[in-house]
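J.: Need a 3D model of the sequence below.
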Amino acid sequence: MSSTDRSFTERTRQRRCRILSATFVESYPRGVDQSTWQDIKIGRGGHIVEPVGGAPAYMEPGCCGCKQCVPVDFGVENNFPNPVSQVWFSNDYQALQDILNENIIGTVTVPPPPSGYPNDYIIVSFTVTDGCIPGSQTITYYSNSTDAPLSGTSYDLGFHPIILDNLPPFFTTTMNIGFTIFYPSDALDIFYDISQNATLGLSNSCGSASYSTLYSPSCFVAGTMIALSNGVTKAIEDVAVGDVVVGAFGELNTVRALHRPRLAGAHLCKINGEHTSTSHHPHIAADKSICCVHPHIVTKNTYGNTYTVINADGNKESQKMLGLAADRVQKLTVGTVLQTLTGAKPVTTIEMVNASPFTQLYHLVVDGSHTYTADGYAVTGWAREDDFNYDIWTSRTTADQ
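T.: As a prediction, the model looks like this:
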């Protein structure tokens, strides 16, 4: 091949990479500078094209005919970052097996807990790759309390083609989904010791690399009832931008945007057998303190990230969740007295709820005190401290007057 032909081929490869990367970024609005691109050559004929600013790269196959395995992140509006991990009750591991097999071509078998297993739960990770079949995958979980790797028994259930009929529309026919199962050997508290932090290792004939878990928004399931200012309640999935909701202590707040991610690696919990939310969604206590079951997740993994929301025009846009100060969000436990529409209510039970990572969730971006009531319980709605003083529960504009 002449140097002219090689130059033409090289330019063609770069153009293909840019087109593919531009398509990828359309579904990945992350708030970084995505207008500046750099080409990085890998191997013989392979390229990464990535935006300057640190967003994930799209990798074009090299001459070996395979694609180095890169977890697919479908964008914050779909909330399926990779890897994602969930906690399931171990005595229900066969139900988890049914969920996994509903979405793949072929079958997987979830192994039962080891003999003498000290916990009542199982940890499962989901990893989606596009166009590659990993030869192996490993995942390491870390303790929330010590940040040390957890010891235990891990099972690699392999990667499998996806059945599109059962999955959200952002999946394509070239994608494969892989699963790992992990049984921690130490007795751990499901509510406080289990962190979403994990490191995934993937390898195939094109190479190997490791990836970390990403953030997870805090939200509610369909059917959660929201109290409006006109005295009626509306299911959260039916709430519209412009609706006025009742805040934690009777204030009236306007819905400015809608947030609709997937459950992914978040945990669902049920409070008092009547109210379901992600375990890291902040609730308002009767004494005006703020708490959630997993405060470390919302303060470390949720706040400070940019998410896709639906604005008043029905269009998607990126917004950064500023969040609350880390020391403001405390643990919600049995005995915590929460604020509700009818006054103070103690928490008597907290249960973990099994659910598919593809579960659609709903959240509201509201102004004012950035709170609303879900199933009668006062919760945050994209809380932020720059315009509201939660120490004295008033807007900073009012407090400064």
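
J.: quick one: Phe388 and Asp367 touch, right?
T.: No: assessed by CB atoms under 8 Å, Phe388 is found out of contact with Asp367, at 9.2 Å. Where C-beta positions appear, they are placed from N, C-alpha and C, glycine not excepted.

J.: higher neighbour count, those two?
T.: In this comparison of Phe388 against Asp367, neighbours counted by other CB atoms under 10 Å, the higher total goes to Phe388 at 22 against 18.

J.: Any idea what the more buried one is bridged to?
T.: Beta-bridge partners recorded for Phe388 (DSSP bridges): Ser395.

J.: what ranges do the strands span in the stretch 51-200 of the chain?
T.: Ranges of strands within the stretch 51-200 of the chain are 58-60, 84-89, 121-130, 136-143, 152-161, 175-184, 194-204, based on DSSP state E, counting those that start in this stretch.

J.: and the fourth one, what other elements does it pack with?
T.: Spelled out, that is strand 136-143. Using 3 or more CB pairs under 8 Å, 6 or more residues apart in numbering; DSSP states H and E as the contact test, the elements touching strand 136-143 are strand 121-130, strand 152-161, strand 175-184, strand 194-204.

J.: Pull the distance from it to the chain's centre.
T.: For strand 136-143, the gap between its own C-alpha mean and the chain's C-alpha mean amounts to 18 Å (CA atoms, centre = their mean, to the nearest Å).

J.: Pull that strand out as PDB, backbone CA atoms only.
T.: What follows is strand 136-143 as a C-alpha-only set of coordinates in PDB (Å, rounded to 0.1, in the frame of the first residue of the first chain):
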ATOM      1  CA  SER A 136     -13.000 -12.900  32.000                       C
ATOM      2  CA  GLN A 137     -14.300 -10.500  34.400                       C
ATOM      3  CA  THR A 138     -13.500  -9.900  38.100                       C
ATOM      4  CA  ILE A 139     -15.000  -7.400  40.500                       C
ATOM      5  CA  THR A 140     -13.800  -6.200  43.900                       C
ATOM      6  CA  TYR A 141     -16.100  -4.700  46.400                       C
ATOM      7  CA  TYR A 142     -15.100  -2.300  49.200                       C
ATOM      8  CA  SER A 143     -16.300  -1.800  52.700                       C
END
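
J.: quick one: it to strand 121-130, angle?
T.: Using axes from the mean of the first three to the mean of the last three CA atoms, to 10 degrees, one finds that strand 136-143 and strand 121-130 are set 130 degrees apart in direction.

J.: What mean pLDDT does strand 136-143 get?
T.: Regarding strand 136-143, the rounded mean pLDDT is 82.

J.: between it and strand 152-161, what angle do the directions make?
T.: With the same axes, to 10 degrees as the criterion, the two stretches strand 136-143 and strand 152-161 enclose an angle of 130 degrees.

J.: so strand 136-143 versus strand 175-184, what angle?
T.: Relative orientation of strand 136-143 versus strand 175-184 (the same axes, to 10 degrees): 50 degrees.

J.: what do Phe388 and Asp367 both touch?
T.: With CB atoms under 8 Å, 6 or more residues apart in numbering applied, the contact sets of Phe388 and Asp367 do not overlap.

J.: what does the domain assignment say about the protein?
T.: Dividing the chain into domains by automatic domain parsing, as the record does, gives the ranges 3-60, 84-212, 220-400.

J.: how far out from the middle of the chain is stretch 291-298?
T.: The offset between the C-alpha centroid of stretch 291-298 and the centroid of the whole chain comes to 14 Å, using CA atoms, centre = their mean.

J.: Correction: the previous question concerned stretch 99-114.
T.: Here stretch 99-114 shows a centroid-to-chain-centroid distance of 22 Å under the convention CA atoms, centre = their mean.

J.: likewise stretch 252-269?
T.: For stretch 252-269, the distance from its own C-alpha centre to the chain's C-alpha centre is 11 Å (CA atoms, centre = their mean).

J.: Show me which parts of it are buried, residue by residue.
T.: With burial defined by 16 or more other CB atoms under 10 Å, the residues of stretch 252-269 counted as buried are 253, 255-269.

J.: Out of the residues you listed, flag the one nearest to Thr342.
T.: Checking the buried residues of stretch 252-269 against Thr342 by CB to CB gives Asn253 as the nearest, at 18.8 Å.
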